[in-house]
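Colleague: starting from these lines, generate the structure:
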Amino acid sequence: MSGALLPDPAHERLTRLWQAHRPAGPMLPWELKTVYGSCWVRFHSLPESKRYAEDEAEYAVLLDRYNTVLDELFADGEVYVVTIDWADPSEPTDWSAHRAALHPEGTLWTTLDDTDDPDPDFHTRWYFWADRRPWQRGCLDPLLRAVADDTLPGRTSG
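Modeller: Numbers count the residues shown, from 1 in each chain. The predicted structure is shown next:
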């Protein structure tokens with residue numbers, strides 16, 4: 001992780017938790033299943049591994065599945081919500097209004113520069129936004145629906 005942490009106790013606690021439980025890194029989502037393959041789990045959102053919901057009945061199924069898993073993990077507790085945005089490191093950042101609308105409580109937690117590619121045109125700065133909140137079934141439904149549609153910043157629609 002690079003960048004300055006906000007002087008926010010929730011962010012500081014999240015950083016300590018991340019470092020204690022994931023000392024090998026990484027933070028980029030597509031790297032997690034490789035580094036932590038022994039505890040990686042994939043849940044299918046729709047029957048028969050269907051990729052995208054096509055109607056409200058299918059959205060109801062996937063939201064129920066997401067919320068059932070989250071209920072098991074966080075019932076009567078709190079949850080950290082982390083969303084991302086990205087930009088070319090050399091350009092001014094134009095924060096995504098879509099991400100902000102889905103995660104208005106999120107404040108900048110940290111940044112990460114992905115500069116592994118030798119071509120600087122492919123370098124990216126990732127911005128991680130976080131908040132901590134009491135878990136309540138349905139509280140993340142708009143965000144979960146955007147995840148299901150693959151429409152968050154840093155992602156492309158299928």
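
Colleague: assign W86 to helix, strand or coil.
Modeller: strand (DSSP: H, G, I helix; E, B strand; the rest coil).

Colleague: that one and H123 touch, don't they?
Modeller: No. In this structure, W86 is not within contact of H123 by Cβ atoms under 8 Å, at 10.6 Å. For the C-beta atoms, the positions are set from N, CA and C on the backbone; glycine is no exception.

Colleague: hey, which helix is longest across the protein?
Modeller: When the chain is scanned for its longest helix (criterion: DSSP state H), the result is helix 56-74.

Colleague: pull the residues that contact it.
Modeller: Contacts to helix 56-74, defined as Cβ atoms under 8 Å, 6 or more residues apart in numbering, come from residues 43-47, 50, 53, 79, 135, 137-138, 140-141, 144-145, 148.

Colleague: 6 Å instead, please
Modeller: If you take Cβ atoms under 6 Å, 6 or more residues apart in numbering as the criterion, helix 56-74 is touched by 43, 45-46, 53, 135, 137, 141, 144, 148.

Colleague: a markdown table please, covering these and showing secondary structure and neighbour count.
Modeller: As requested, these are arranged in a markdown table below (DSSP: H, G, I helix; E, B strand; the rest coil; neighbours: other Cβ atoms under 10 Å):
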| residue | secondary structure | neighbour count |
| --- | --- | --- |
| F43 | coil | 9 |
| S45 | coil | 21 |
| L46 | coil | 16 |
| A53 | coil | 18 |
| W135 | coil | 17 |
| R137 | coil | 15 |
| D141 | helix | 13 |
| L144 | helix | 20 |
| A148 | helix | 19 |
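
Colleague: tabulate the residues you listed (JSON lines), appending distance to R99 and pLDDT.
Modeller: Below are the contacts of helix 56-74 laid out as JSON lines (distance: Cβ to Cβ, whole Å; pLDDT from 0 to 100):
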{"residue": "F43", "distance to R99": "23", "pLDDT": "80"}
{"residue": "S45", "distance to R99": "20", "pLDDT": "87"}
{"residue": "L46", "distance to R99": "24", "pLDDT": "91"}
{"residue": "A53", "distance to R99": "21", "pLDDT": "94"}
{"residue": "W135", "distance to R99": "21", "pLDDT": "96"}
{"residue": "R137", "distance to R99": "23", "pLDDT": "96"}
{"residue": "D141", "distance to R99": "16", "pLDDT": "96"}
{"residue": "L144", "distance to R99": "14", "pLDDT": "93"}
{"residue": "A148", "distance to R99": "16", "pLDDT": "89"}
